[in-house]
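Q: When you get a sec, could you give me coordinates for this:
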Amino acid sequence: MQFPVYRPRRLRRNERLRALVRETSLSPDDFIYPLFVGPGKDSVKPVSSMPGVAQLSVDRIVKECQEVDSLGIPGVILFGIPEHKDALGSEAYSDSGVVQKAIREIKERVPSLLVITDVCLCEYTDHGHCGVIKGGDVDNDSTLEILAREALSHAKAGADMVAPSDMMDGRVGAIRKILDQNSFQQVAIMAYAAKYASAFYGPFREAAESTPQFGDRRSYQMDPGNADEALREVELDIREGADIVMVKPALAYLDIVYRVKQKFGYPVAAYNVSGEYSMIKAAGKNGWIDEQRIMMEVLVSIKRAGADMILTYFAKDAARALGR
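A: Numbers count the residues shown, from 1 in each chain. The predicted model follows:
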């Protein structure tokens, strides 16, 4: 077909027609909302670099989760900020840790909401790295045991899914093994399978208080120039027992999202990270862009690339926009 017989504009004339033929659409069901759990009671500590985001005490997290549930968003992912940090991140696996307390409260007060937990040590260590330090670098194998203990503590508290984000080799297998040995076969694993050493994480590090005290994370997170390696990382995590694989960040790595979905046909998550969120918020505040339209365009692009679910700080705003 060609012009004048075929006129693509016929199906763009009004919103009803555009909606009828739209190839990619969004729903609140697509979103997972990240939350930062801190100590205290009735505590709200805004994150200066992420407008609308705050560290919340457990009681405040429960109220936030009630709102999330009312908007039709299926789940949250929890990041913990402990009262005390040490070299091994021991509060990460404490039964009385802030995340463990939050899980129990959410599952009691908002039982229909999926609770996913970030499994990593960077928020809990006094050095800000994602594992045990030996010889000035993160030691892979000695970190696995601690990550497995952390994941098990989350499962015991009632988490529906654990999400290891550390990028240690073998951590998915170690977590799957300890969960199965303790009769938590039903607890799913969402693996941060292709997590890049990205500058887009800057605002998150304020929110999670997880800035490394020395060096950086390039010895364990992926080099931004590598794509084939991402596929190898994803395949390893699938073989070790991951139920969902994640690409992080999303926007600068949409090609990776696409390739992972095309190659494996596996459930794929993409993390619309803090830097992506903050740039849009800042430009919107300055009147340089239409914040809501850009938000929706970005989220559609991530889903169009192949993501089945999107972790995003825009989840509530987008759910409200979709509800109108």
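Q: The helix ranked longest in the chain - what's its average pLDDT?
A: Determined from DSSP state H, the single longest helix within the chain is helix 140-157. Helix 140-157 carries an average pLDDT of 97.
Q: List the buried residues for that helix?
A: Within helix 140-157, the residues that qualify as buried are 140, 143-144, 146-157, counting by 16 or more other CB atoms under 10 Å. Backbone N, C-alpha and C define where each C-beta goes, glycine included.
Q: Show me where this structure has its helices.
A: Under DSSP H, the chain gives helices at 15-20, 58-70, 98-109, 140-157, 171-181, 202-208, 228-240, 254-264, 274-285, 291-305, 315-323.
Q: quick one: which of those helices is nearest Gly38?
A: helix 98-109 (6.4 Å; CB to CB).
Q: Only alpha carbons, please: show that closest one as PDB.
A: Provided in PDB are the C-alpha atoms of helix 98-109 (Å, rounded to 0.1, in the frame of the first residue of the first chain):
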ATOM      1  CA  VAL A  98      13.900  -1.800  59.700                       C
ATOM      2  CA  VAL A  99      13.100  -3.700  56.500                       C
ATOM      3  CA  GLN A 100      12.100  -6.800  58.400                       C
ATOM      4  CA  LYS A 101       9.800  -4.700  60.600                       C
ATOM      5  CA  ALA A 102       8.300  -3.000  57.600                       C
ATOM      6  CA  ILE A 103       7.600  -6.300  55.900                       C
ATOM      7  CA  ARG A 104       5.700  -7.700  58.800                       C
ATOM      8  CA  GLU A 105       3.700  -4.500  59.300                       C
ATOM      9  CA  ILE A 106       2.800  -4.200  55.600                       C
ATOM     10  CA  LYS A 107       1.800  -7.800  55.200                       C
ATOM     11  CA  GLU A 108      -0.500  -7.400  58.300                       C
ATOM     12  CA  ARG A 109      -2.000  -4.100  57.300                       C
END
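Q: Provide the contact partners of it at residue level.
A: Residues outside helix 98-109 that contact it (CB atoms under 8 Å, 6 or more residues apart in numbering): 37-39, 58-59, 61-62, 65-66, 76, 78-83, 91, 94, 113, 115, 117, 153-154, 156-159.
Q: Show me what counts as buried in that helix.
A: Within helix 98-109, the residues scored as buried using 16+ other CB under 10 Å are 98-107.
Q: Let me know the angle separating that helix from helix 58-70.
A: Per axes from the mean of the first three to the mean of the last three CA atoms, to 10 degrees, the angle that helix 98-109 makes with helix 58-70 is 50 degrees.
Q: What angle do helix 140-157 and helix 98-109 make with each other?
A: Using the same axes, to 10 degrees, the direction of helix 98-109 lies 30 degrees away from that of helix 140-157.
Q: ok, and the helix or strand in this protein with the lowest average confidence?
A: helix 202-208 (a mean of 86; mean pLDDT, DSSP states H and E).
Q: Check which helices and strands it sits against.
A: Under the contact criterion of 3 or more CB pairs under 8 Å, 6 or more residues apart in numbering; DSSP states H and E, helix 202-208 touches helix 274-285.
Q: Recalculate using a threshold of 10 Å.
A: Applying 3 or more CB pairs under 10 Å, 6 or more residues apart in numbering; DSSP states H and E, one finds that helix 202-208 contacts strand 31-37, strand 54-56, strand 75-80, helix 274-285.
Q: For Met222, find the nearest of the ones you listed.
A: When the helices and strands packed on helix 202-208 are ranked by proximity to Met222 (CB to CB), helix 274-285 comes first, at 16.4 Å.
Q: Pull out the CA atoms of the closest one and give them to me as PDB.
A: Extracted C-alpha coordinates of helix 274-285, given in PDB (Å, rounded to 0.1, in the frame of the first residue of the first chain):
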ATOM      1  CA  SER A 274      16.700   8.100  40.500                       C
ATOM      2  CA  GLY A 275      18.800  10.200  38.100                       C
ATOM      3  CA  GLU A 276      16.200   9.700  35.400                       C
ATOM      4  CA  TYR A 277      13.500  10.700  37.800                       C
ATOM      5  CA  SER A 278      15.300  13.700  39.200                       C
ATOM      6  CA  MET A 279      16.200  15.100  35.800                       C
ATOM      7  CA  ILE A 280      12.600  15.100  34.700                       C
ATOM      8  CA  LYS A 281      11.500  16.600  38.000                       C
ATOM      9  CA  ALA A 282      14.000  19.400  37.800                       C
ATOM     10  CA  ALA A 283      13.200  20.200  34.200                       C
ATOM     11  CA  GLY A 284       9.500  20.200  35.000                       C
ATOM     12  CA  LYS A 285      10.000  22.500  38.000                       C
END
